[in-house]
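In: Compute the structure for the input listed below.
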Amino acid sequence: MSKHHPNQLSDEDKTKIIELHNKFPEKDAKRLWKLNLLNYSYYQILSVFKDRGIKINTARGGGYNKKEVFNFLESLDDTSYYWIGYIAADGNLSTRLYNVSLTSKDKEILVEFRNVLRQPSLALHKRTGVDVYTIIFSDKTIYEALFNLGITPRKSMTLKYTGEINWNFIRGYFDGNGYVSKNGNRCKFTTGSEELAKQITEFLISEGVDASNIKDDNHFDVYILAKNLNLFKEKLYRNATFCMTRKKERMGVI
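Out: I've put the predicted structure just below:
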């Protein structure tokens, strides 16, 4: 058995690690390794945790997440669709430990997402020198649910969303990848996915909001036609339980 290569663990090795975890459930992978009760490396133990779906709290350096995040995708509702839209725009999935992360310069977005996860103490990571924040957590169930909706790692150019498109999804995506001019009279969505640009355009038109889909270099812009801007605003924020304050105010919606 190699001391450094997780993929060389036998089924017997993995069983021993799980048995040790069951004996000390309060220990994360690093603390379990430090017990030195078995001749396994930290990365071998961590790989078994990942493979078996044992919760990892990456915000605290890879520790065991004693408080599981709430699965906001278990029963799809208005809140679920908003965050699906936002993650499709500004989220990121990583196969490492089933990580899901969101990035925004609007701190209120990430604070609200922590509340949705029912983990208000989850760390917000600020990028050096800029007012941009990231929140990251690890959850196999949420990761796989997003993946099955077409939100995959490195999704920018390949996103093929397979779920329902409604105004909550649209508002979430707009808060992530939407643009509003300073005077609020010009709006557009931006995506690297041709398929998603078509889906958004078709949905808006079906709702009576004329929109044009224009390719620009390596991305697509979906513009809201000026004559339908007021209708777009009214439908976008109708019965909205949450939205980005900055964009709503720029749109002139009180």
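
In: quick one: the strands in the stretch 1-150 of the chain?
Out: 56-57, 63-64, 91-94, 99-104, 125-126, 133-138 (DSSP state E, counting those that start in this stretch).

In: Now do the contacts for the closest residue to Asn166 other than its chain neighbours.
Out: With C-beta to C-beta, 6 or more residues apart in numbering as the criterion, Asn166 has its nearest non-adjacent residue at 5.8 Å, and that residue is Tyr81. Glycine gets a C-beta too; all of them are placed from N, C-alpha and C. Contacts for Tyr81 (C-beta atoms under 8 Å, 6 or more residues apart in numbering) come out as Gly163, Glu164, Asn166, Asn168, Phe169, Gly172.

In: For Thr134, state which of those residues is nearest.
Out: Closest approach between the contacts of Tyr81 and Thr134, by C-beta to C-beta: Gly172, at 17.3 Å.

In: what's the angle between the strand or helix carrying the closest one and strand 99-104?
Out: Assigned by DSSP states H and E, Gly172 falls within helix 167-177. Per axes from the mean of the first three to the mean of the last three C-alpha atoms, to 10 degrees, the angle that helix 167-177 makes with strand 99-104 is 70 degrees.

In: Not counting its own residues, what contacts helix 167-177?
Out: Applying C-beta under 8 Å, 6+ apart, the set of residues contacting helix 167-177 from outside is 78-91, 104, 109, 163, 187, 189-191, 200, 203-204, 207, 235-238, 240, 243-244, 247.

In: in the stretch 51-200 of the chain, which ranges drop under the pLDDT threshold?
Out: 52-67 (pLDDT under 70).

In: now the helix holding Gly172, how far from the centre of its chain.
Out: 13 Å (C-alpha atoms, centre = their mean, to the nearest Å).

In: following it, which helix or strand comes up?
Out: Assigned by DSSP H and E, the successor of helix 167-177 is strand 178-180.

In: So which other helices or strands are in contact with that next one?
Out: Strand 178-180 sits against strand 187-191, helix 245-250, with contacts defined as 3 or more C-beta pairs under 8 Å, 6 or more residues apart in numbering; DSSP states H and E.

In: Which secondary structure elements does the last one sit against?
Out: Okay, so that is helix 245-250. Secondary elements touching helix 245-250 (3+ C-beta pairs under 8 Å, 6+ apart): strand 178-180.

In: would Ile214 count as being in a strand?
Out: Yes. Under DSSP: H, G, I helix; E, B strand; the rest coil, Ile214 sits within a strand.

In: Hmm, Glu194 and it touching each other?
Out: No. Contact criterion C-beta atoms under 8 Å: Ile214 and Glu194 do not qualify, at 11.5 Å.

In: which of those two has more neighbours?
Out: The neighbour count for Ile214 versus Glu194, taken as other C-beta atoms under 10 Å, is higher for Glu194 (16 against 12).
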